[in-house]
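Chemist: sharing a sequence plus its predicted fold:
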Amino acid sequence: MLQLIKAVAVTVLYLFFYYITGSLVLHFLPVPEEDSRISGRLILGFFAYQFLFTVAALPMKMLLLPLSWLSAVWAGCLAVLFVLFLILERKAFAERVCRVFREGERASLFLLAIVILAQLFLFNLNDETFALWDQSYYIGDTATSLYTNTISQYDPYTGYQLDNLNREYLLETYQNHSAVMCQLLHIHPMIEVRTVMTSVVILLYQLIFYEIGMLLFRRDRLKSAFMLGVLFFLNLFSFNLYTAGEFLMFRPFEGKTILAVLIIPGLFWLFLHTAAEPGYRSYWCHSFLVILGSFGLNMSSIFMIPFEISAFYIPLAIKKKKMSIYLKYLILLLPCAAFVALYLVTRYNVVFYTGK
Amino acid sequence: MEILSSVFRLSNCTVLYEAFRTAISGVEWFVLAYIICLICFFVIGKDYMTTGFVYPFAFMMLTIFNPFLIIPLSEMIGLLPRIRRLFWLLPVNLTLAFVFTWAVFSFKKKYLRVFLCAVIAAGIICSGSFAIPHMHKLENPYKTSNMVVEISRIIEEDSAKNGLWKSVLHSDVELLELRQYDPSIHSALRRSDMLDWSIDPEDENAVKQVVKSRHVLRNLALVSRYGIEIKQSRFLKYIKRARVPYVITEPGRDLDTYLKEAGFEQIGNINEYRIYRLILDTEQDE
């Protein structure tokens, strides 16, 4: 029971940090008031938060610094974010929370809550993943980093020190974040990854699709909530080891699931915004931020994101006959190109010896 | 010329088709319904439908799902083993959820809405592949099996009592969770000895080659993974060299006599997973 309470508390804490990060993003890159809901803040906040963590973690990982140093730095960063939030967004926060209940139609809020809670319960009650090898890498890395107070310097499968950092996963910092939070919050890695992150991903997935529904149904909350219910039902009947629905239900905590169910739909959500208002710069900037945040979450983003944004923005540019869309599309490709270059350099040309 | 031949290969189509077939297995009707929805969107022609769904799909068909483009490119960038991930780009369930919701709310009368919901639910149930039977109810807050927790406890207690290094020889995939639950436990076999390496245990030459190679971990894998009983003295030598005082045998693998004769004693049995520890005198011989 204590573990459950702890997991719920940590999940709420994560969501709070995503919210404050998202609020700060929207403070500097605002969107129309009717589109700056709590859900949107949480989604943007998640990606901005992950990007900030990648910036903090990558150099420390490459410099082979202890995990406790990274934990200290990250705790400092979170404190700074919190103070900035208090200074810039404190008043708006309380107002926004009240507005959810004031403006929200009771039926749609109730339906939304039921759909989300049902999925949180159902998927958290399952312990089957069909991916023991992958899981052993991800959770094993978190657990071993925590145990050895290092950042990914040990083989997650055996627990013995590696000769050099794993080149394939070098740029991925998602597991390192889990290790840092386990160290800061004294929570078991299996609970952090398999309950807290599972809940976070399921919740954010619902929010992204709720936001997409709000766009497709012209801000009709009831229809959006209903669409989420239908989506849940469809996912429940989409079992196959390769579908995004299966990844969401069985292994939501993995980086590749985040790619399938948060990054790809997140970019789609922002694309729908930009398609509706191509001249509005903030949505482009938000897409840029989502792309930046995605590389630390899963390395497959490197090749999946260019495919996705090309499929969105090239036809849009052709249809609207606007050079500015091509230009902004090329700007969105820049972080992808930079990370591909970084990946190629770290994969084939640079070795980070652990000093074993 | 070589590039051209790699592009215009018939096998590119079969590779992509095979990936597509496995990626949609069980949800074929959903994909078909998705394509029908896209055609309807195109005919209706509303801006958000074409821009959001139809044109990206058409672009993907010409590029990302064009076997003559994507397969050579995938080979080049090392994406081929992960090519099924490309199908995540198709918003199949989202499109269906959107259309079903739109259809339900297009009726004004409540009983018609309920009726349509029932029809849609029945259609999904009949044509999809249900996930719940594949789920397994969690046994503890760690979402691992109680067996893993129990084995970890036994090793922890025994190592604390005898001052032994917590290193285990096992080759059961279920036991990969041991290190996630308790990272202070080391595992002798690497991924490259379990997942990425295999032999045919019936092939005497292959077995002989491994034995001859004197590769410590591969020889330990022969015993642990395949139940091949190599010379006990040699097994013991490898066990000591790898510093592995604990061995766990999986259900159905009878190494009891072999391990006992080699100098191990059984210290636990959880769900037919037997846990052995090197008899201390033998360990101290080292």
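Modeler: All right, it came through fine.
Chemist: gap between the spatially closest residue to A:Asn126 that is not a sequence neighbour and A:Gln183?
Modeler: What sits nearest to A:Asn126 in space, not counting adjacent residues and going by CB to CB, 6 or more residues apart in numbering or on different chains, is B:Met135, at 4.0 Å. Every residue, glycine included, has its C-beta placed from N, CA and C. Distance of B:Met135 to A:Gln183, given as CB to CB, to the nearest Å: 31 Å.
Chemist: neighbour count winner among those two?
Modeler: Neighbour comparison, B:Met135 and A:Gln183: the larger count goes to A:Gln183, with 20 against 16 (by other CB atoms under 10 Å in any protein chain shown).
Chemist: excluding residues flanking it in the chain, which one is nearest that one?
Modeler: A:Ser71 (4.7 Å).
Chemist: do the same with A:Ile291
Modeler: A:Pro335 (5.1 Å).
Chemist: so what pLDDT did residue 281 get?
Modeler: Just going to use chain A. pLDDT recorded at A:Arg281 is 89.
Chemist: ah, I was thinking of chain B
Modeler: 65.
Chemist: quick check: closest non-adjacent residue to whatever residue of chain B ends up closest to chain A.
Modeler: Residue nearest to chain A within chain B (CB to the nearest CB): B:Gly128, separated by 2.7 Å. Leaving aside its sequence neighbours, B:Gly128 sits nearest to A:Phe237 (CB to CB, 6+ apart; 2.7 Å).
Chemist: tell me who's in contact with whatever residue of the stretch 101-250 of chain A ends up closest to chain B.
Modeler: Chain B sits closest to A:Phe237 of the stretch 101-250 of chain A, with a gap of 2.7 Å, by CB to the nearest CB. Listed by CB atoms under 8 Å, 6 or more residues apart in numbering or on different chains, the contact set of A:Phe237 reads B:Val27, B:Ile124, B:Ile125, B:Ser127, B:Gly128, B:Ser129, B:Phe130, B:Ala131.
Chemist: where along the stretch 151-300 of chain A do the helices fall?
Modeler: Ranges of helices within the stretch 151-300 of chain A are A:174-185, A:189-191, A:198-216, A:221-236, A:244-250, A:255-258, A:264-276, A:281-294, based on DSSP state H, counting those that start in this stretch.
Chemist: by mean pLDDT, which helix or strand of chain A comes out lowest?
Modeler: Of all helical and strand segments in chain A, the minimum by mean pLDDT, DSSP states H and E falls on helix A:67-103, at a mean of 89.
Chemist: next, the angle from that helix to helix A:221-236.
Modeler: Orientation check (axes from the mean of the first three to the mean of the last three CA atoms, to 10 degrees): helix A:67-103 against helix A:221-236 gives 130 degrees.
Chemist: which pair of the contacts of A:Phe237 spans the longest distance?
Modeler: Farthest apart among these by CB to CB are B:Ser127 and B:Ala131. That separation is 14.2 Å.
Chemist: that older thread, now do the least confident helix or strand of chain A: which elements does it pack against?
Modeler: The helices and strands touching helix A:67-103, judged by 3 or more CB pairs under 8 Å, 6 or more residues apart in numbering or on different chains; DSSP states H and E, are helix A:2-28, helix A:38-62, helix A:132-148, helix A:174-185.
Chemist: which stretch among these comes nearest B:Glu272?
Modeler: helix A:132-148 (18.7 Å).
Chemist: one step back: was I right about the residue of chain B closest to chain A contacting B:Val27?
Modeler: Yes: using CB atoms under 8 Å, B:Gly128 is in contact with B:Val27, at 6.2 Å.
Chemist: mind listing the shared neighbours of these two?
Modeler: Residues touching both B:Gly128 and B:Val27 (CB under 8 Å, 6+ apart): A:Phe237, A:Ser238.
Chemist: contacting residues for B:Ser187?
Modeler: So B:Ser187 contacts A:Tyr157, A:Thr158, A:Gly159, B:Ser167, B:Val168, B:His170, B:Leu175, B:Leu176, B:Leu178, B:Arg179 (CB under 8 Å, 6+ apart).
Chemist: sitting in strands, which of those do you find?
Modeler: Using DSSP state E, B:Ser167, B:Val168 are the members of the contacts of B:Ser187 that sit in strands.
Chemist: good, we can wrap up now.
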